[in-house]
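Participant: Here you go, sequence then predicted model.
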Protein chains: 2
Amino acid sequence: MNSRGTQPDRIDHFEPKERKGLIVVITGNGKGKTTSALGMAVRACGHRMRVCIIQFMKGDLYSGEWDGIKQMNCAIELHATGKGFCGIQGNPYPWTEHRDNAQDALDLVRDRMVSGTIDLLILDEINNALKLKLVDLEQVLQILRDKPPGLHLVLTGRDAHPQVIELADTVSEVNEIKHAYRAGIEPQPGIDY
Amino acid sequence: MNSRGTQPDRIDHFEPKERKGLIVVITGNGKGKTTSALGMAVRACGHRMRVCIIQFMKGDLYSGEWDGIKQMNCAIELHATGKGFCGIQGNPYPWTEHRDNAQDALDLVRDRMVSGTIDLLILDEINNALKLKLVDLEQVLQILRDKPPGLHLVLTGRDAHPQVIELADTVSEVNEIKHAYRAGIEPQPGIDY
């Protein structure tokens, strides 16, 4: 079950003159935000960097990355906090409970950020949490300002706040051109969850 | 060095009424296309699906996913074919050599596609290869038409061809809002490569 493949016979290694921890924002309404952050985790893993993923909006619905991450022989941790999407039909939890959960997740972020044990910290769907007021703008901005210089911080989720974008180094907006669900195709394992 | 973290106490599992192999296109000029495909590999790995990644444009410049993938205890293979970006300043190989490489990569795609041993097949930067005429539109369309119904096929790279988009189920366009390199920051390991 192990990985295999082919690589070039001779491999060149780039090294930037200066290593700098970046703030990366992946926003927009299209598919590929959380998955992009997961891909950065794979890359970081290849560089023997230490990764922590904190998922703000995940509920109890299984997503493949929970087990995928466990299969990685890397210094990587994933915390699926939260109670699912606040305000989405069928979600039974009151706003205050969502808020309490998100605030606990922020405590975890602050802890990991200053721990010195993490090189890449991914705040998955924190943009949504901010939009839903589960966390406050000032709290998020404070995290961005307090980021240690060497730490990479990735923030995902639609509706990224303009002031978050302002402080970021790299921002991508993932726009939906087409989505299978609009053709009546249900979410598929490995692709959508 | 192993993974750890927290998940909900109780986990619900969604299963679509019908499993269907999707064609997913991730295009646009922003950061997060290859990384998104890598993230789908992590998800698929969690579902114990078998993954094959064929990189069309990778040259001999090291990218973290090459080792990251090796750290995954999954049925996953990655082939970095190609000689780097054709036409980019400093690339020493003639177009014909790029074309030969891309054609070999297409042979590999066809082989894996009909092998029955792959659930998720990622054609990384094949859109660029098509744009540069290293592969022909008709060749790519034929692959899309020949795709076994259960196989997921992911095509990444900027400038996706309209006819490829036409045949796809899910298409995301990743647009650059900001990029660190425009502020003079060199590519950083774990984030950019």
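Facilitator: Alright, I've got the coordinates. Residues are numbered from 1 along each chain as shown, chains lettered A, B, ... in the order given.
Participant: Let's see the pLDDT reported for the residue nearest the centre of chain A.
Facilitator: With distances taken as C-alpha atoms, centre = their mean, A:D124 lies nearest the centre of chain A, 2.9 Å away. Note on A:D124: pLDDT of 97.
Participant: do the one 10 residues further on as well
Facilitator: In this model, A:L134 is scored at 96, pLDDT.
Participant: How much space separates it from B:S115?
Facilitator: 46 Å (C-beta to C-beta, to the nearest Å). Yep, even glycine has a C-beta here, placed from its N, CA and C like the rest.
Participant: Look at the two and report which has more neighbours.
Facilitator: A:L134 (25 against 13; other C-beta atoms under 10 Å in any protein chain shown).
Participant: Now stretch A:81-93 - C-alpha only, PDB.
Facilitator: Output in PDB follows, covering the C-alpha atoms of stretch A:81-93 (Å, rounded to 0.1, in the frame of the first residue of the first chain):
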ATOM      1  CA  THR A  81     -13.600  21.500  16.200                       C
ATOM      2  CA  GLY A  82     -17.000  23.000  15.800                       C
ATOM      3  CA  LYS A  83     -20.500  21.700  15.400                       C
ATOM      4  CA  GLY A  84     -20.900  22.000  11.700                       C
ATOM      5  CA  PHE A  85     -22.200  25.000   9.800                       C
ATOM      6  CA  CYS A  86     -24.000  27.400  12.000                       C
ATOM      7  CA  GLY A  87     -27.300  28.600  10.500                       C
ATOM      8  CA  ILE A  88     -27.400  25.800   7.900                       C
ATOM      9  CA  GLN A  89     -30.800  24.100   7.800                       C
ATOM     10  CA  GLY A  90     -30.800  21.000  10.000                       C
ATOM     11  CA  ASN A  91     -27.900  22.100  12.200                       C
ATOM     12  CA  PRO A  92     -29.400  21.700  15.700                       C
ATOM     13  CA  TYR A  93     -26.900  23.800  17.800                       C
END
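Participant: need the contact list for the residue nearest to the centre of chain A.
Facilitator: Neighbouring residues of A:D124 by C-beta atoms under 8 Å, 6 or more residues apart in numbering or on different chains: A:T34, A:A37, A:I53, A:I54, A:Q55, A:F56, A:M57, A:K58, A:T156, A:G157.
Participant: do A:Q55 as well
Facilitator: Here A:Q55 is in contact with A:T34, A:L78, A:H79, A:A80, A:T81, A:G82, A:D124, A:E125 (criterion: C-beta under 8 Å, 6+ apart).
Participant: Using TSV, please lay out those together with secondary structure.
Facilitator: Putting those into TSV (DSSP: H, G, I helix; E, B strand; the rest coil) gives the following:
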residue	secondary structure
A:T34	helix
A:L78	strand
A:H79	strand
A:A80	strand
A:T81	coil
A:G82	coil
A:D124	strand
A:E125	coil
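Participant: for chain A, what spans make up the strands?
Facilitator: Along chain A, the stretches classed as strands by DSSP state E are A:4-6, A:23-27, A:51-55, A:76-80, A:120-124, A:152-156, A:170-178.
Participant: Could you tell me the least trusted of the ones you listed?
Facilitator: strand A:4-6 (a mean of 84).
Participant: packing partners for that strand?
Facilitator: Here strand A:4-6 touches strand B:76-80, going by 3 or more C-beta pairs under 8 Å, 6 or more residues apart in numbering or on different chains; DSSP states H and E.
Participant: Walk me through which strands the strand it packs on pairs with, and which way each runs.
Facilitator: strand A:4-6 (parallel), strand B:51-55 (parallel) (DSSP bridges).
Participant: Show me how far it is from its chain's centre.
Facilitator: 10 Å (C-alpha atoms, centre = their mean, to the nearest Å).
Participant: which one of the strands of chain A lies closest to B:M49?
Facilitator: Nearest to B:M49 among the strands of chain A is strand A:4-6; the distance by C-beta to C-beta comes to 16.0 Å.
Participant: what's in contact with the closest one?
Facilitator: So strand A:4-6 is in contact with B:I53, B:I69, B:E77, B:L78, B:H79, B:A80, B:T81, going by C-beta under 8 Å, 6+ apart.
Participant: Report the contact partners of the fourth one.
Facilitator: Translated: B:L78. Taking C-beta under 8 Å, 6+ apart, we find B:L78 in contact with A:S3, A:G5, B:C52, B:I53, B:I54, B:Q55, B:E65, B:W66, B:I69.
Participant: picking up where we left off before, by neighbours, which of the contacts of A:D124 wins?
Facilitator: Neighbour counts for these, by other C-beta under 10 Å, peak at A:T156, which reaches 31 neighbours.
Participant: Quick check: that one vs A:I53, distance?
Facilitator: Here A:T156 is placed at a distance of 10 Å from A:I53 (C-beta to C-beta).
Participant: A:K33 too?
Facilitator: Counting by C-beta to C-beta - A:K33 and A:I53 are separated by 13 Å.
Participant: same question, A:T34
Facilitator: According to C-beta to C-beta, A:T34 stands 9 Å off from A:I53.
Participant: do A:K83 as well
Facilitator: From A:K83 across to A:I53, the span is 18 Å (C-beta to C-beta).
Participant: what's the neighbour count on the nearest residue to A:K17 once chain neighbours are set aside?
Facilitator: Counting by C-beta to C-beta, 6 or more residues apart in numbering or on different chains, A:K17 lies nearest to B:E186, which is 6.2 Å off, once chain neighbours are set aside. If you count neighbours by other C-beta under 10 Å, B:E186 ends up with 14.
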